[in-house]
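Participant: I'd like to go over a predicted model; first the sequence, then the structure.
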Amino acid sequence: MRRDGVFNIEELLEKITNPEIGRLFVSDIIIGLLLAFLIGLVISNVYKKTFQGILYSYSFSSSLVMMSLITSLIIMTISINLTLTLGMVGALSIIRFRTAIKDPMDIVFIFWAIATGLATGAKLYMLAFIGMVIISLVVFVLFKHREGDLTFMLVLRYKDVSLTDKSIFMELKKLKHTMKSKTYSDGKIELVVELRLIGEDTSFVDKLSSITGVSDATLIKYSGDHIS
């Protein structure tokens, strides 16, 4: 477009047909990839510190770093070559990811890594850095809130005696609980109760296990779809 506001068709066609629509210096590449790597490491460490599943996956944690780097590289490529951009969109559209994501928080970390790559690849370094600080703080705040109000599954096995049953439920009344199941089998009962605890005081398990007729009491930490 010329200064007088009138479109120049020849200039427009030249920009479209010329693959070099931007300029990327070596310093831009180094800074972008280095920042993507450093923020990716932060994301990986935040994931490790706040992980509450069954088994921590080093492979998934490492992939967050690589995802930031690769996304940044893709955005740099897109920013300098229009023709290659169209081909890359078509190539990426045929990729299928079949890894099951069980914890919704894993998806959050994946999007965070991708967003970091987008920002660093587009040379929005301050956006990537400020976003890292704010998102890290939010994740830790939510983690502390979740950690202070834990959910457990209590499994009790005892003989089918009315006095034992009454003693157990009298003890459970002192706790915030929800009965999930109660199974009878050959004169024995298996009781599954969901408990919400504040802190780590589990002395009630000793009291329950000491009740006459109780054969065993098991307390299991529960987080979403995971039991550990």
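Facilitator: Received the coordinates, thanks.
Participant: Ile114 falls within a helix, correct?
Facilitator: Yes. Ile114: assigned to a helix according to DSSP: H, G, I helix; E, B strand; the rest coil.
Participant: Was I right to think it contacts Leu64?
Facilitator: No. The criterion here is C-beta atoms under 8 Å, and Ile114 misses it with Leu64 at 9.6 Å. (C-beta placed from N, C-alpha, C; glycine too.)
Participant: For those two, work out which one has more neighbours and name it.
Facilitator: Per other C-beta atoms under 10 Å, whichever of Ile114 and Leu64 has more neighbours is Leu64, with 25 against 17.
Participant: so that one makes contact with Ile43?
Facilitator: Yes. Counting by C-beta under 8 Å, Leu64 touches Ile43, with 5.0 Å between them.
Participant: Name the residues contacting each of those two.
Facilitator: Counting by C-beta atoms under 8 Å, 6 or more residues apart in numbering, the contacts common to Leu64 and Ile43 are 109, 112-113.
Participant: quick check, nearest of those residues to Leu55?
Facilitator: Comparing the shared contacts of Leu64 and Ile43 against Leu55 with C-beta to C-beta places Phe109 closest, at 16.2 Å.
Participant: Please point out which parts of stretch 48-55 sit buried.
Facilitator: With burial defined by 16 or more other C-beta atoms under 10 Å, the residues of stretch 48-55 counted as buried are 50-52.
Participant: Actually, stretch 119-134.
Facilitator: Buried residues in stretch 119-134, defined by neighbour count with 16+ other C-beta under 10 Å: 119-123, 128-129, 131-132.
Participant: try stretch 195-214
Facilitator: 195, 197, 204-205, 208, 211, 213-214.
Participant: Among those, which ones are in helices?
Facilitator: Judged by DSSP state H, the buried residues of stretch 195-214 include 204-205, 208 as members of helices.
Participant: a strand runs through Glu190, doesn't it?
Facilitator: Yes. Counting by three-state DSSP, one finds Glu190 located in a strand.
Participant: Number the chain from 771, please
Facilitator: From this message on, residue numbering opens at 771, which makes the last subject Glu960.
Participant: Grab the nearest non-local neighbour of it.
Facilitator: Nearest non-adjacent residue to Glu960, counting by C-beta to C-beta, 6 or more residues apart in numbering: Thr953, 4.4 Å away.
Participant: Which strands or helices does the helix or strand in which the one you found is found pack on?
Facilitator: Per DSSP states H and E: Thr953 is located in strand 947-955. For strand 947-955, the contact count by 3 or more C-beta pairs under 8 Å, 6 or more residues apart in numbering; DSSP states H and E identifies strand 958-967 as packing neighbours.
Participant: circling back: among the buried residues of stretch 965-984, which one sits closest to Phe913?
Facilitator: Leu967 (16.7 Å).
Participant: and Glu964, bridged to which residues?
Facilitator: In this structure, Glu964 bridges to Met923, Thr948 when assessed by DSSP bridges.
Participant: and it, how far is that from Thr921?
Facilitator: 7 Å (C-beta to C-beta, to the nearest Å).
Participant: what's the answer for Ala883, then?
Facilitator: 28 Å.
Participant: ok, the two, which is more surrounded?
Facilitator: Neighbour count, other C-beta under 10 Å: between Ala883 and Thr921, Ala883 has more, with 25 against 15.
Participant: how about the more buried one, what does it touch?
Facilitator: 810, 813, 834-835, 837-838, 841.
Participant: That's all I had, so thanks and see you.
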